[in-house]
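Visitor: predicted model and sequence below, questions to follow.
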Amino acid sequence: MKIKPDFILKNIAGSFVVIPLRSAAVNFNAVIKLSETGAFLWEKLSQGAQKDELVRALLSEYDVDEATASADVDKFIDKLKEADLVE
């Protein structure tokens, strides 16, 4: 799984915001603001990380148990799929 190439993450005044580029800018009618953890996962997905890699990354970066990390990753990926941001 990977973030579609027409979307980038920017840190604007301390807020992480998803910015559509090229043709996506015409068809995308939303603003997506991510938490620090969401931005962390976004960067990993931009590099093509799979779910198990995302869970491991959360476990190594944050003080969270595996069940919570897995559920959070599932929820994050579902939201990205709903917004059609991943391929």
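Guide: Ah, there it is.
Visitor: please look at Phe28 and Arg22 and confirm they touch.
Guide: No. Assessed by CB atoms under 8 Å, Phe28 is found out of contact with Arg22, at 10.5 Å. Backbone N, C-alpha and C define where each C-beta goes, glycine included.
Visitor: more neighbours: which of these two?
Guide: The neighbour comparison of Phe28 against Arg22 (other CB atoms under 10 Å) goes to Phe28, with 18 against 9.
Visitor: tell me the phi and psi of the residue lying closest to that one once chain neighbours are set aside?
Guide: Nearest residue to Phe28 in three dimensions, chain neighbours excluded: Pro20, at 4.1 Å (CB to CB, 6 or more residues apart in numbering). For Pro20, the backbone dihedrals are phi -80, psi 150 (criterion: degrees, to the nearest 10).
Visitor: so what's Pro20 bridging to?
Guide: Pro20 has the following beta-bridge partners by DSSP bridges: Phe7.
Visitor: how about Leu22, what does it touch?
Guide: Heads up, residue 22 is Arg, not Leu. Asp6 (CB atoms under 8 Å, 6 or more residues apart in numbering).
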